[in-house]
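In: Return a 3D structure for these sequence lines:
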Amino acid sequence: MTLLTDDQRQLADMTRSFLAEEGTIKKQLRHWRDTGCKDGFGHGLWKQMAELGLTGLAIPEEEGGLGLGATEATLVMEEIGRNLTPSPFLTTALVAVEALKGTEQGKRWFPGIIAGETVAAIAVDEGPHHRPRAIALEAKRSGNGFSLSGTKQFVVHGASADVILVAARTAGSAGEAEGLTLFAVPRDAAGLEIENVTLADASKAARLTLSNVAIDADAVVGEVDHGFEPLRRAMRAGRTGAAAELVGVAAGASAMTLDYLKQRKQFGKLIGEFQVLQHRAAHLFGEIEIARAATLKAAELLDKGDERAGVMSHVAKAKAGRVSALAVQEGVQMHGGIGMTDEHDIGLYMKREKVLDALFGDVNYHARMVGMLTA
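Out: Below you'll find the model as predicted:
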């Protein structure tokens, strides 16, 4: 397992303390859900995260950020998952930032992200499953820029974003890596229709319809026809960050369940004294540690620019997905009937796990990718 530096441990401790106080289920998830917030998260908390330097964590120092890496980001993401804190950190501070690094669009949007004033989204999927190479949304040359037409699905925070990174096809055909281009599309672009959708865990995603959306050539992120490289970087950061959040979801659900086992009595005994439940809890603890180690290893390889980072990010997302599913299932079952009610928070962990599993590819997708890349 990756050993953390003193600075990384301090970051983890600071984030854990901050989110345990300000990012709780009661203050954030339930509050924004029950008030019908269209964003599903609090901009006030996003601003607080900016004041702590978290929103610019992965932005290079020369552009005003902290210049930290994927390892530090996973530490933050795990605490977000542990508290079920609704936040645009994953899509904005990790995925979008990774795609925008070294580009003119990065210079435009990074100051707002650092200040906690800008939210970004990424639009990749067009069907019911995550298939980055299957992108077919068309970008035609038009005057000095492009005209975009097509649809996108499952665009997390799409209705709240100031800028949406849209992966489109400028050449080739669906299934090919070459011919993809990434565009930074402002939310108010003419011809862009956004349908805001509430997901099972009360988070928000959007369906996009682009009808001849006119975009200047300056909106291109990177190079025309070579957008797969920044998209691949963004997806690796995204799946590793999502894996870390899944580890946090598993850890949070497990901790809540262990507390319940120490309080609930049956037949005059604490249910935590029953050996069969102790065995299940011990097994889950080991699985969570393995998932955490896989995620930190993926982050470490990303930070080193190691060619194995891609495969390991698939491993991390698959393992964390399976372990998180186990943790929430065990949690709901061990809580008994109350675990099936909205009154208790344990069921919220199950809902978050289901949504996170699908984000950037589910367990089956990543297991299949590991098999293809290591065969």
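
In: for K152, helix, strand, or coil?
Out: strand (DSSP: H, G, I helix; E, B strand; the rest coil).

In: meant to ask about R16, not that
Out: Assignment for R16 (three-state DSSP): helix.

In: okay, now it: neighbour count?
Out: 17 (other CB atoms under 10 Å). No exception for glycine: its C-beta is placed from N, CA and C like everyone else's.

In: which ones are touching it?
Out: By CB atoms under 8 Å, 6 or more residues apart in numbering, the contact list for R16 reads E79, R82.

In: Would you mind checking which helix or strand in this structure has the lowest mean pLDDT?
Out: strand 265-266 (a mean of 64; mean pLDDT, DSSP states H and E).

In: Counting by contacts, list what the helix or strand just after that strand packs against.
Out: Next along the chain after strand 265-266, taking DSSP states H and E as the criterion, comes strand 269-270. Using 3 or more CB pairs under 8 Å, 6 or more residues apart in numbering; DSSP states H and E, no helix or strand is in contact with strand 269-270.

In: how close does E79 get to V363?
Out: 23 Å (CB to CB, to the nearest Å).

In: again, but for Y349
Out: 17 Å.

In: Of the two, give the one with the bigger neighbour count.
Out: Taking other CB under 10 Å, Y349 and V363 do not tie; Y349 has more neighbours (28 against 18).

In: does the more buried one count as helix, strand or coil?
Out: helix.

In: Could you pick out the longest helix of this protein?
Out: Secondary structure of the chain per DSSP state H: the longest helix is helix 228-261.

In: Now that one: buried residues?
Out: For helix 228-261, the neighbour count (16 or more other CB atoms under 10 Å) marks 228, 230-254, 256-258, 260-261 as buried.

In: Tell me the helices and strands packed up against that helix.
Out: Judged by 3+ CB pairs under 8 Å, 6+ apart, the packing partners of helix 228-261 are helix 70-83, helix 97-100, strand 180-186, helix 275-304, helix 309-335, helix 346-358.

In: Can you give the distance of the fifth one from its chain's centre?
Out: On the basis of CA atoms, centre = their mean, to the nearest Å, helix 309-335 is displaced by 14 Å from the centre of the chain it belongs to.

In: That helix - contacts with which helices or strands?
Out: Other elements packing on helix 309-335 under the criterion 3+ CB pairs under 8 Å, 6+ apart are helix 228-261, helix 275-304, helix 346-358, helix 363-374.

In: how about a markdown table for those helices, with distance to G172 added?
Out: Output for the helices and strands packed on helix 309-335, formatted as a markdown table (distance: least, CB to CB, whole Å):
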| stretch | distance to G172 |
| --- | --- |
| helix 228-261 | 10 |
| helix 275-304 | 27 |
| helix 346-358 | 27 |
| helix 363-374 | 21 |
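
In: thought M312 was touching K297?
Out: Yes: contact status for M312 versus K297: in contact at 5.7 Å, counting by CB atoms under 8 Å.

In: thinking again about what came up before, CSV for the helices and strands packed on helix 228-261, including mean pLDDT?
Out: Shown next, in CSV, are the helices and strands packed on helix 228-261 (pLDDT from 0 to 100):
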stretch, mean pLDDT
helix 70-83, 98
helix 97-100, 97
strand 180-186, 96
helix 275-304, 92
helix 309-335, 94
helix 346-358, 96
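
In: and the ones you listed as CSV, adding distance to G112?
Out: Putting the helices and strands packed on helix 228-261 into CSV (distance: least, CB to CB, whole Å) gives the following:
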stretch, distance to G112
helix 70-83, 19
helix 97-100, 12
strand 180-186, 12
helix 275-304, 25
helix 309-335, 27
helix 346-358, 26
